[in-house]
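Trainee: Next one to model:
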Amino acid sequence: MTSQPINIGLIGAGGNTRLRHIPGFASLNGVVVTGVCNRSRESGQRVADEFGIENVYDSWEELVADPDIDAICIGTWPYMHCTLVLEALEHGKHVMTEARMAMDAADAHTMLEAARHYPDQVTQIVPAPHTLNLDKTIKKLIGEGYVGDVLSVDASISQGGFVDLEKPFHWRQSRDFSGFNIMGLGIWYEAIMRWIGPASTVQALARTTVRNRKDESGKSHVISVPDHVEILCEMFSGPTLHIRFSDVLGHAPGNAVWIYGTEGTLHVDGVNIKLYGGQKDDKGLSEVDIKPELAGDWRVEEEFINAIRGLEEITHTSFQDGVRYMEFTEAVTRSAQSGKKIHLPF
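Mentor: Residues are numbered from 1 along each chain as shown. Okay, here's the model as predicted:
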């Protein structure tokens, strides 16, 4: 399929699909988004009209079965990802799915096993994008011994501010739609995995501060997804990892990750997306220049199409890495529920 045109079908056309995926595919030679299926035909038609998409489908089953579609881009909430990936693969389609990968680790393993049954079909998860420009530099510095042996990693992430009782219910707060995913926790863990690898054990405390919220229609929803978690991990590569992730802390410091080693320290500024470093003989931290050859950027659609054409392998993000972060996010809830240390992998 190196030179053949590639027809893309969209299942779910939410914000990221409209902002990123449709323009991303449109920018590539020989790639056309030819079909869309959204939650209703009317909403699908609006997307088609906005972006000049030829076909609108009444059901995702109809889109997946269309022999003229070569690849599927899944933009639904996580509760549909496993079902759609399996059906797409069985119908001979390449498939890219929005993050988070799945509802839970079991679904993620099922998706990975299905992908292995169809090795000629490309599978990809939309990656965590926020540190793409820093990742290669962080890995290079750690690999070259800039920090020495990594001893401890500390991540402090806040998505909100003070407790807001009036904030409307969000689908990420629904177990039915989101499963074991907790806020944006998996996004940051995915980035940290790129630098120091996965966790071997997880211990967690979790709190749900606001237990009821109303949606835009005024319907009340009971919430069991935590809005504050404290996590302590042992990493296979040696260090400990502490993550504080919260949606309810007012005047919290800006999002940041600190990587402490025997010879130096790295600080990831998660607000301004900058990297700082300092070694033993330095008086403090200074900004690390990101060399052009190490800079990263959003190229998700390009990587997907290149993989279909046999030009590169999927790295951002593979189903194998998706399984790892889904095991981690489930382990956080399992530990918080049981009070026990959870060993990975499952």
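Trainee: Convert the C-alpha atoms of stretch 328-335 to CSV, please.
Mentor: These are the backbone C-alpha positions of stretch 328-335, laid out as CSV (Å, rounded to 0.1, in the frame of the first residue of the first chain):
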residue,chain,number,x,y,z
PHE,A,328,-1.0,0.7,36.1
THR,A,329,-4.3,2.7,36.2
GLU,A,330,-6.2,-0.4,37.2
ALA,A,331,-3.6,-1.2,39.9
VAL,A,332,-4.1,2.2,41.4
THR,A,333,-7.8,1.5,42.0
ARG,A,334,-7.1,-2.1,43.1
SER,A,335,-4.6,-0.9,45.6
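Trainee: which other residues reach that stretch?
Mentor: Applying Cβ atoms under 8 Å, 6 or more residues apart in numbering, the contact partners of stretch 328-335 are 100, 104-105, 180-182, 185-186, 189, 198-199, 202-204, 206, 226, 229, 231, 340-342, 344, 346. The C-beta positions use only the backbone N, C-alpha and C, and glycine is treated the same way.
Trainee: ok, how many other residues are close to Ser286?
Mentor: 10 (other Cβ atoms under 10 Å).
Trainee: Show the contacting residues for it.
Mentor: Taking Cβ under 8 Å, 6+ apart, we find Ser286 in contact with Tyr276, Gly277, Gly278.
Trainee: and the first one, that one's in a strand?
Mentor: The reference is to Tyr276. Yes. Tyr276 forms part of a strand when assessed by DSSP: H, G, I helix; E, B strand; the rest coil.
Trainee: from memory it sits against Asp282, does it?
Mentor: No. Using Cβ atoms under 8 Å, Tyr276 is not in contact with Asp282; the gap is 10.6 Å.
Trainee: Who has more neighbours out of those two?
Mentor: Higher neighbour count among Tyr276 and Asp282: Tyr276, with 16 against 11, using other Cβ under 10 Å.
Trainee: which ones are touching that one?
Mentor: The contact partners of Tyr276, taken as Cβ under 8 Å, 6+ apart, are Leu266, His267, Asp269, Leu285, Ser286, Glu287, Val288.
Trainee: any chance you could map the helices in the stretch 101-250 of the chain?
Mentor: 105-117, 135-143, 175-178, 185-196 (DSSP state H, counting those that start in this stretch).
Trainee: Give the buried residues for the shortest one.
Mentor: Right, the one you point to is helix 175-178. When burial is assessed from 16 or more other Cβ atoms under 10 Å, helix 175-178 yields the following buried residues: Phe177, Ser178.
Trainee: ok, now the second one?
Mentor: In terms of neighbour count (16+ other Cβ under 10 Å), helix 135-143 has its buried residues at Asp135, Lys136, Thr137, Ile138, Leu141, Ile142.
Trainee: could you dump those residues to TSV with distance to Asp120 and pLDDT?
Mentor: Compiled in TSV, the buried residues of helix 135-143 are given as follows (distance: Cβ to Cβ, whole Å; pLDDT from 0 to 100):
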residue	distance to Asp120	pLDDT
Asp135	29	98
Lys136	29	98
Thr137	34	98
Ile138	34	98
Leu141	37	98
Ile142	35	98
